[in-house]
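Colleague: Below is the sequence, then the predicted model.
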Amino acid sequence: MGMKRIVLPSIWTRIGSGLIDFLLTAGSFCLVFFAAVYPNAFDGDQYVANQNALKAEYLKSGLYLETGGDLQDPTAISKDGDEAFSYDTIAKLNRATVSDGTKEYTFSLVKNLYLFYTGKCADFDIPVMTRSAFESTILRVDDDVSGIGSFTADPATDTYEIGLTERDYEVRRTAIDFFLEAYDVAERAVGGSAAVASLEGENATLMRNAILWAIPTLFGVGLLFEFLIPLFSRNGKTVGKWITHLVVLDKDGYELKKIWLLPRFLTYIIVEIGGGIASFGATFLISYTMCQFTKKHRALHDYLANSVVADEKTSLWFLDRAEERDYEERHPELVRE
């Protein structure tokens, strides 16, 4: 029997070591990425300009409010009655007043929708309708499906109103829901226009390209903590392993050749960390489950790197079998049967 004695650390020591390394890597990544990489990779001025252009497009439709400088969908103020304002009457569709705490805003959903389909919709590649077409196609006046019995449009008095086919609760609820759905269809048409889609697509590209820089940043930070530090330290120690007194050996208990640190690093950073982010921690969990239940407590990166983690204080190991035999010859009294 050889002289070497390999003592495996507890799973909690392994987890503690891994947690230290993970926190160092994650913390350094956040510091480097958000302080240096992201501000230079993201064109914030262009993004803001696009957002302002988007707001102008939405406001141009006449379907939205601008309250306190922010874009507001008037149909989303409240529909369910749980807040101070709710579209529970036809009168509120005809004219409503809401407050943001500092200023009151008066608007008419009926007017907004009418002016959109009879003029403003042309800016969004939608054919302009006549009043009669608006009444029959959008409001479906005198149709039981809509519950809307009349429509009034008087620009001189700024009066735009709809009325019910009959004064019944079910009819009122039907008319309100039908109108709000028609309003929502118009808003979706604006959101799907070429100009809006182009601006949103450009901003999405700006965000995506900036975020993609997280990949090389994570790789670079991981390269430092998980490859370069172990490469130039004795027995493949990371900072976490140095603190918890762990060493990385080959699977037979001898010193691990430095070349194996590369697949160990690549598996950890790409498969376990990168895959863990993509799978919400699944690959990371699988690796540490393997570490707990396999015979030599080997994680996924240990299998692919021909390695095993041992307790530094209680283990005895050698460079290779030749060094072990030389030690045995010089100390025959210590050789175990």
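Modeller: Happy to help now that I have it.

Colleague: Please, where are all the helices along the stretch 151-300 of the chain?
Modeller: 169-191, 194-212, 214-223, 229-231, 239-244, 261-266, 275-278, 282-293, 300-304 (DSSP state H, counting those that start in this stretch).

Colleague: buried sites along the fourth one?
Modeller: Same thing as helix 229-231. 229-230 (16 or more other C-beta atoms under 10 Å). (C-beta placed from N, C-alpha, C; glycine too.)

Colleague: name the helices or strands packed onto it?
Modeller: Under the contact criterion of 3 or more C-beta pairs under 8 Å, 6 or more residues apart in numbering; DSSP states H and E, helix 229-231 touches helix 261-266.

Colleague: where in this protein is pLDDT low?
Modeller: Scanning the chain for pLDDT under 70 picks out 1-2, 78-84, 100, 333-337.

Colleague: before we move on, back to that, the helices of the stretch 151-300 of the chain into TSV, with extra columns for distance to R95?
Modeller: Shown next, in TSV, are the helices of the stretch 151-300 of the chain (distance: least, C-beta to C-beta, whole Å):
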stretch	distance to R95
helix 169-191	14
helix 194-212	28
helix 214-223	49
helix 229-231	69
helix 239-244	66
helix 261-266	66
helix 275-278	51
helix 282-293	54
helix 300-304	65
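
Colleague: how long is stretch 36-47 end to end?
Modeller: 18 Å (C-alpha to C-alpha, to the nearest Å).

Colleague: Same check on stretch 293-302?
Modeller: Termini of stretch 293-302 sit 14 Å apart (C-alpha to C-alpha).

Colleague: mind listing what the nearest residue to H245 once chain neighbours are set aside touches?
Modeller: Spatial nearest neighbour of H245, chain neighbours left out: E312 (4.4 Å); criterion: C-beta to C-beta, 6 or more residues apart in numbering. E312 makes contact with 235, 245-247 under the criterion C-beta atoms under 8 Å, 6 or more residues apart in numbering.

Colleague: F116: what's it in contact with?
Modeller: Counting by C-beta under 8 Å, 6+ apart, F116 has contacts 61-63, 186.

Colleague: Please report the distance of it from Y58.
Modeller: 12 Å (C-beta to C-beta, to the nearest Å).

Colleague: Kindly report the same for Y169.
Modeller: Separation of Y169 from Y58 (C-beta to C-beta) stands at 34 Å.

Colleague: cool, K237 as well?
Modeller: Where Y58 is concerned, K237 sits at a distance of 57 Å (C-beta to C-beta).

Colleague: Could you do Y268 as well?
Modeller: Distance, Y268 to Y58, using C-beta to C-beta: 46 Å.

Colleague: Now T165. Nearest residue, chain neighbours left out?
Modeller: G149 (3.6 Å).

Colleague: ok but A310 is inside a strand, no?
Modeller: Yes: if the criterion is DSSP: H, G, I helix; E, B strand; the rest coil, then A310 is within a strand.

Colleague: residue contacts, it?
Modeller: Per C-beta under 8 Å, 6+ apart, neighbours of A310: 6-9, 246-249, 253, 317.

Colleague: okay, those residues in CSV with distance to C30 and neighbour count next?
Modeller: As requested, the contacts of A310 are exported to CSV (distance: C-beta to C-beta, whole Å; neighbours: other C-beta atoms under 10 Å):
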residue, distance to C30, neighbour count
I6, 37, 19
V7, 36, 11
L8, 33, 18
P9, 29, 23
L246, 26, 25
V247, 29, 23
V248, 27, 24
L249, 32, 21
G253, 38, 19
W317, 37, 22
